[in-house]
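**Student:** Okay, here's the prediction I keep looking at, along with the sequence it came from:
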Amino acid sequence: MNKQMLRQNVLPVITAMIWGVAFVAQSVCADYLAPFSINMLRSLIAAVFIFLMLLAVWLWRRARAKREGRPHTAEEIGDVLGCRDAAQRKTLLLGGLLCGTALTASANLQQFGINADTSSGKAGFITALYIVLVPLLGLFLKKRVGITVWGSVVLAVFGLYFLCVSEAFTIQTGDVYVMICAFTFAVQILLIDHFTVKVNGLALSLMQFIVVTLESAVFVAVFREPLTMSDMMACLPSLLYVGVFSSGVAYTLQIVAQKGSNPTVVSILFSLEAVFATVSGMLLLNESMSGREWIGCALMLAAVVLAQIPVNQEKKTAVEK
């Protein structure tokens, strides 16, 4: 497996694993904090984490330049951020604003659903419906989707249903929030697909979370959400997980994985978060899996395998040419 295949296939699975466990952490945070407060804090943690990563890259480049006897110029900061000229800086700011706004809507709608009356399993299923919405929205952007990818989408939807929905599917207030969240997540995935080839992935991730932090903070103030130090400390481990890993690490991996990839295929790999959510529930909450849930896992894995076929075929065709 070459580096490109590793990036486009393995990284989304790692991302899905981190996101799957995050459903448990989000449920814990919901016992202490309001939705906008949760996303303001997790995004602030993520922004600080990514800034430190960029700082480490800059310091490493500075040290290397010193060892090689080269002058360390201010332009190298632009190299680290991937924006050495005004046009690139403008693209980075626009990408951060658009991707961040879409993520603000997605994360807060999902958290409102979890805080309301939607179970973690059902929230995972409904959120992962973006695997259907991404190719549908992609058609308006003239992105072609092969028949095997459409087949994998159908398999994944059935798999997610068997995996996460055990009771009669009813529409509750929380369900509506998460349904809208699935749409905004699909928009965010397509926005990332557009901007990730134009700007540095880490810089885009940083700008994205700065926007989410600021926009969520505005809503915290407008709705006067209660926020106390005792509540934050009570769920600090879960808050750090969703901030550092689910946001800082996973969303950055999302940007890196989507660069030059088929957004529909990558979104199917991301939807494995529902499988990992179920497994993490077994390990962390001592939940058991039913036969129905195992069927869901099998269908999800089949969807992932099927989704890889057009990727391999395109590579083979390119080599033959």
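**Tutor:** Yes, it's here.

**Student:** Next, name the residue at the spatial heart of the protein.
**Tutor:** residue 251 (4.5 Å; CA atoms, centre = their mean).

**Student:** buried sites along stretch 203-218?
**Tutor:** Neighbour counts over stretch 203-218 (16 or more other CB atoms under 10 Å) mark 203-213, 215-217 as buried. Backbone N, C-alpha and C define where each C-beta goes, glycine included.

**Student:** Check these and tell me the two furthest apart.
**Tutor:** 203 and 217 (21.4 Å; CB to CB).

**Student:** Would you mind pulling the contact partners of stretch 226-240?
**Tutor:** For stretch 226-240, contacts defined as CB atoms under 8 Å, 6 or more residues apart in numbering pick out 24-26, 28-29, 31-34, 37-38, 41-42, 45, 220.

**Student:** How about the secondary structure of the closest residue to residue 302 other than its chain neighbours?
**Tutor:** Computed as CB to CB, 6 or more residues apart in numbering, the closest residue to residue 302 that is not its neighbour in sequence is residue 155, at 5.5 Å. Under DSSP: H, G, I helix; E, B strand; the rest coil, residue 155 falls in the helix class.

**Student:** Against which helices or strands is the strand or helix carrying residue 187 packed?
**Tutor:** Residue 187 belongs to helix 173-195 when assigned by DSSP states H and E. The contact analysis (3 or more CB pairs under 8 Å, 6 or more residues apart in numbering; DSSP states H and E) places helix 173-195 against helix 86-115, helix 120-127, helix 130-140, helix 250-258, helix 263-270.

**Student:** and the last one with helix 173-195, angle?
**Tutor:** Using axes from the mean of the first three to the mean of the last three CA atoms, to 10 degrees, the inter-axis angle of helix 263-270 relative to helix 173-195 is 130 degrees.

**Student:** same check, this time on the third one
**Tutor:** Put simply, helix 130-140 runs at 50 degrees to helix 173-195, going by the same axes, to 10 degrees.

**Student:** which residues touch helix 130-140?
**Tutor:** Contacts for helix 130-140 (CB under 8 Å, 6+ apart): 143, 145, 149-150, 153, 156-157, 182-183, 185-187, 189-190, 263-264, 267-268, 270-271.

**Student:** among those residues, which ones are buried?
**Tutor:** Using 16+ other CB under 10 Å as the burial test, the contacts of helix 130-140 include 145, 149, 153, 156-157, 182-183, 185-187, 189-190, 263-264, 267-268, 270-271 as buried.
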